[in-house]
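**Q** What follows is a protein structure lacking sequence information:
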Ligand code: OAD
């Protein structure tokens with residue numbers, strides 16, 4: 001898989017890429033997320049039932065971002081993006097993560113298919129805006145001025161991930177699909193490797209252990225992302 005410079009690569013990342021930065025993965029928590037049931041804090045129904053609890057939960061996650069920093073895997077992907085761009089190629093970086101560590105690692109163009117903690121969404125007019133402070137039920141949407149319908153800009157269970165059409169187009173146009181630090185348990189992201197296979201793409205997985213979809217990949221490399229990703233990026237860039 002050497003010599004991919006000036007080619008098109010689509011990378012999907014999951015919680016495993018941020019694990020070495022100190023953010024817990026989902027499956028490691030045994031169906032609970034920081035001691036909360038996923039249904040209570042990651043569904044529209046949970047928000048309708050107890051919006052104050054949901055705001056409190058995401059306020060803690062948002063402020064926890066200040067205590068973590070990007071690791072060598074995030075930084076290596078930013079380097080790959082810059083190099084590919086400079087040589088006429090393209091990196092499409094799609095993440096399921098709601099942290100901002102790819103951006104803080106230097107990535108310019110990240111698709112947050114499950115939303116991001118540093119943004120809010122109006123449940124009435126669907127306006128999205130950057131917000132890095134605590135949120136509350138008292139917030140007013142800066143576009144439609146409705147109070148009380150502002151929610152974290154996170155794609156909850158039962159909702160459609162963002163930018164699916166762009167991701168599908170880029171998958172169809174890429175030369176190589178790489179999955180990093182994701183368990184392959186949550187669709188539609190878990191199905192990207194099968195889409196890539198159906199289009200005849202080369203596929204590579206970098207993960208701590210075999211994921212649920214490992215057998216769909218041409219190659220699986222096992223180990224921590226902070227080591228595997230910089231090694232692989234150096235290979236690609238021919239260092
Ligand atoms: P998971 O917690 O399901 O999977 C994390 C994967 O990362 C596992 O396969 C781990 O083995 C692997 N891993 C852990 N530490 C690693 C390391 N240091 N280096 C490399 N790999 C490591 O997280 P996701 O697959 O991201 O959705 O979960 C997908 C979605 O499920 C999330 O985006 C979230 C969740 O419900 C929403 O919030 C909508």
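**A** Structure's in. What do you need? What you see is a predicted model, and the numbers here were worked out from it, not measured in a lab. Residues are numbered from 1 along each chain as shown.

**Q** Then residue 83 would be within a helix, right?
**A** Yes - judged by DSSP: H, G, I helix; E, B strand; the rest coil, residue 83 forms part of a helix.

**Q** tell me the phi and psi of the residue lying closest to it once chain neighbours are set aside?
**A** The shortest distance from residue 83 to any non-neighbouring residue, by CB to CB, 6 or more residues apart in numbering, is to residue 237 (5.4 Å). Backbone N, C-alpha and C define where each C-beta goes, glycine included. Dihedral pair for residue 237: phi -90, psi 0, per degrees, to the nearest 10.

**Q** What is the burial count for residue 237?
**A** When neighbours are counted by other CB atoms under 10 Å, residue 237 registers 17.

**Q** Could you report the pLDDT at it?
**A** What the model reports for residue 237 is a pLDDT of 93.

**Q** That one touches residue 82, doesn't it?
**A** No - counting by CB atoms under 8 Å, residue 237 stays clear of residue 82, with 10.1 Å between them.

**Q** Going by contacts, tell me the helices and strands next to the host helix or strand of residue 48.
**A** Element membership of residue 48, judged by DSSP states H and E, is helix 44-49. In terms of contacts (3 or more CB pairs under 8 Å, 6 or more residues apart in numbering; DSSP states H and E), helix 44-49 is packed against helix 38-41, helix 51-64.

**Q** That one close to the ligand?
**A** No - Helix 44-49 does not reach the ligand (CB under 6 Å from any ligand atom); its nearest approach is 11.9 Å.

**Q** If we go by neighbour counts, what in stretch 144-152 is buried?
**A** Using 16 or more other CB atoms under 10 Å as the burial criterion, the residues of stretch 144-152 that qualify are 149-152.

**Q** Would you mind checking which of the residues you listed is nearest to the ligand?
**A** Nearest to the ligand out of those is residue 152 (CB to the nearest ligand atom; 10.6 Å).

**Q** what's the nearest residue to that closest one if we skip its chain neighbours?
**A** Counting by CB to CB, 6+ apart, residue 58 is the residue found nearest to residue 152 once chain neighbours are left out, at 4.2 Å.

**Q** again, but for residue 127
**A** residue 143 (3.9 Å).

**Q** Run through the residues that contact the one you found.
**A** For residue 143, the contacting residues are 122, 125, 127, 129, by CB atoms under 8 Å, 6 or more residues apart in numbering.

**Q** on that earlier part again, and the residue nearest to residue 152, what does it touch?
**A** 41, 117, 135, 152, 154 are the contacts of residue 58 under CB under 8 Å, 6+ apart.

**Q** measure the third one to residue 180 for me?
**A** Here the distance between residue 135 and residue 180 works out to 30 Å (CB to CB, to the nearest Å).

**Q** The two: who's more crowded?
**A** Shown here are residue 135 and residue 180; by other CB under 10 Å, residue 180 has more neighbours (23 against 20).

**Q** Hmm, residue 18 and the more buried one touching each other?
**A** No - in this structure, residue 180 is not within contact of residue 18 by CB under 8 Å, at 10.5 Å.

**Q** what's the helix or strand in which residue 73 is found packed up against?
**A** If you go by DSSP H and E, residue 73 is part of helix 72-86. Contacts defined by 3+ CB pairs under 8 Å, 6+ apart place helix 72-86 against strand 8-13, helix 16-19, strand 90-95, helix 101-104, helix 225-236.

**Q** try 7 Å this time
**A** Secondary-structure packing of helix 72-86 (3 or more CB pairs under 7 Å, 6 or more residues apart in numbering; DSSP states H and E): strand 90-95, helix 101-104, helix 225-236.

**Q** which non-adjacent residue is nearest residue 140?
**A** The spatially closest residue to residue 140, leaving aside those adjacent along the chain, is residue 147, at 4.8 Å (CB to CB, 6+ apart).
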